[in-house]
Structure formats: C-alpha cells, structure tokens
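Q: Let me see the structure of the following:
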Amino acid sequence: MSIEISNQNWIERLRADSPEQPEAIGELREILVKGLRGAFLPRGKDETFCEDVAQESLLKILKSLDSFEGRSKLTTWAISISIRTGISQLRRKHFKDVSLDAISAGGDMSFDVADMAASDPQQQVAKKSMLGTLSDLIDGELTEKQRVVVRSLLNGMPVEEIADRTGSNRNAVYKMFHDARKRLKSGFESAGHSADEVLAVFS
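A: Okay, the predicted model is just below:
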C-alpha cells in the first residue's frame with residue numbers, strides 16, 4: 001500500500017537544503033518517467049527519450065518550486081511540466097532543419113491556425129478570407145523581424161528555437177510577437193473582421 005505524500009512534504013524534501021533531496025528527486029523522477037511513457041511511447045518514442053525528458057524536466061521543476069500554487073497535486077503539476085518539455089523537444093527536432101528564411105518568406109508552409117475541415121462551406125470561405133488578410137497584413141504591416149517571429153510561431157516553431165536562431169531570448173520574442181499582434185489586430189479591424197474572428201485566428 002503506497003503512502004500519499006502531501007504537496008508540502010514534497011516541497012520540503014525537494015528543497016536544496018533538505019537532506020532528503022536526493023531521495024525525493026529519485027522518487028519524483030520515477031513518477032515523471034512513468035507519466036512520460038504513457039504520453040510518448042504510443043507516439044513511437046523510446047525509453048531513452050522519456051529518461052532524457054524526465055532529467056530536463058527535473059531541473060525546471062526544482063527551479064520552479066516557488067511558483068507552485070498548490071491547486072493540484074505536486075506530482076500532477078510536475079508531470080504536466082515534463083509532458084510540455086517532451087512536446088517542446090519534439091517540436092525542436094521537427095524544426096531543426098527548417099530555415100527561418102523559408103518560414104518568413106512563406107514558402108510552401110501553411111498556417112496551422114484554423115480547422116478548415118471542421119467548418120461548413122460558408123465558414124470555410126470566411127476563414128480563407130481571414131487567413132488571406134492575415135498573410136497580407138504580415139507582409140505589409142510588420143517589420144522583417146516581426147514577420148519571422150509571427151510566421152515561425154504560427155507554424156509551430158518553439159519560442160526557444162526562434163530565440164536561439166535569432167540570437168535573442170524568450171522575453172524579446174514574446175515582446176516582438178505582442179507588438180506584432182497589436183498591429184495585426186488593428187489591420188484586421190480595418191479590414192472589417194471582428195475581435196472574435198481575430199481571437200479565433202490566434203487561438
């Protein structure tokens with residue numbers, strides 16, 4: 001019969017000054033690997049991938065203990081961090097050989113920002129019109145750097161990857177996207193698209 005460990009007990013044991021930290025990290029690592037297996041083995045990833053992601057996740061979790069708000073079990077929170085970390089790894093690998101020039105120029109890549117198949121014909125026409133407006137606004141209203149950031153994010157490239165390739169950092173990328181989104185929103189409104197439609201594009 002396993003003993004339920006409280007959130008507070010986890011936090012106390014995971015602190016750097018706790019003599020129980022090594023043991024607590026080992027226990028949490030096993031929990032993370034188990035959760036990662038369930039999430040990624042069905043996707044064709046192997047045990048090594050899960051072990052590597054668990055290790056990377058532990059570093060993030062230990063640095064983020066003070067941000068844990070206790071709204072769920074600490075283990076649930078930790079597993080969610082590890083799964084996001086795993087997804088980020090997969091996305092980084094996917095975009096490893098994709099150039100920013102290809103994305104910023106449009107190329108053959110398409111924006112994965114609307115579920116066209118789920119819409120009726122009238123909705124599809126409206127979405128296609130809106131996506132056409134989006135493409136025109138990106139080309140006409142944004143700076144070159146903003147175009148790179150916006151197209152990269154809309155195509156699913158992780159923020160960390162964009163920051164690395166542009167010699168920037170996460171905060172700078174987020175700031176650039178925030179400024180670009182304000183310009184795009186203004187352009188959408190001038191083109192007659194409602195705020196709800198704008199939100200749908202960036203959801």
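Q: Now do the end-to-end distance for stretch 65-76.
A: Counting by CA to CA, to the nearest Å, you get 13 Å between the two ends of stretch 65-76.
Q: no wait, stretch 136-151
A: Stretch 136-151: ends 12 Å apart by CA to CA.
Q: Stretch 146-163 too?
A: Distance between the two ends of stretch 146-163: 12 Å, counting by CA to CA.
Q: That one: how far from the chain's middle?
A: How far stretch 146-163 lies from its chain's middle: 11 Å, per CA atoms, centre = their mean, to the nearest Å.
Q: likewise stretch 55-71?
A: That offset, for stretch 55-71, works out to 17 Å (CA atoms, centre = their mean).
Q: got a list of contacts for that stretch?
A: Contacts with stretch 55-71, where a contact means CB atoms under 8 Å, 6 or more residues apart in numbering, come from 7, 11, 14-16, 25, 28-29, 32, 74, 77-78, 81-82, 85-86, 89. Just so you know, the C-beta spots here come from the backbone N, C-alpha and C atoms, and that holds for glycine as well.
Q: go with 6 Å
A: Asn7, Ile11, Leu32, Trp77, Ala78, Ile81, Ser82, Thr85 (CB atoms under 6 Å, 6 or more residues apart in numbering).
Q: how about TSV for these, with pLDDT, distance to Val149 and secondary structure added?
A: As requested, the contacts of stretch 55-71 are exported to TSV (pLDDT from 0 to 100; distance: CB to CB, whole Å; DSSP: H, G, I helix; E, B strand; the rest coil):
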residue	pLDDT	distance to Val149	secondary structure
Asn7	92	37	helix
Ile11	93	36	helix
Leu32	96	31	helix
Trp77	94	29	helix
Ala78	95	30	helix
Ile81	93	25	helix
Ser82	94	27	helix
Thr85	90	22	helix
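Q: how's the chain carved up into domains?
A: 7-94, 100-201 (automatic domain parsing).
Q: can these go into JSON lines with extra columns for mean neighbour count?
A: Below are the domains of the chain laid out as JSON lines (neighbours: other CB atoms under 10 Å):
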{"stretch": "domain 7-94", "mean neighbour count": "15"}
{"stretch": "domain 100-201", "mean neighbour count": "15"}
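Q: any idea which of the ones you listed scores lowest on pLDDT?
A: Ranked by mean pLDDT, those bottom out at domain 100-201, which scores a mean of 72.
Q: so where do the helices sit in this structure?
A: For the chain, the helices defined by DSSP state H cover 7-14, 21-40, 47-63, 74-94, 100-104, 121-141, 144-154, 159-166, 170-190, 195-201.
Q: which secondary structure elements does the fourth one contact?
A: If you count contacts as 3 or more CB pairs under 6 Å, 6 or more residues apart in numbering; DSSP states H and E, helix 74-94 packs onto helix 21-40, helix 47-63.
Q: mind running it again at 7 Å?
A: helix 7-14, helix 21-40, helix 47-63 (3 or more CB pairs under 7 Å, 6 or more residues apart in numbering; DSSP states H and E).
Q: quick check, distance from it to the centre of its chain.
A: 9 Å.
Q: which residues are in contact with it?
A: 7, 10-11, 28, 31-32, 35-36, 39-40, 53-54, 56-57, 60-61, 68, 156, 158, 160-161 (CB atoms under 7 Å, 6 or more residues apart in numbering).
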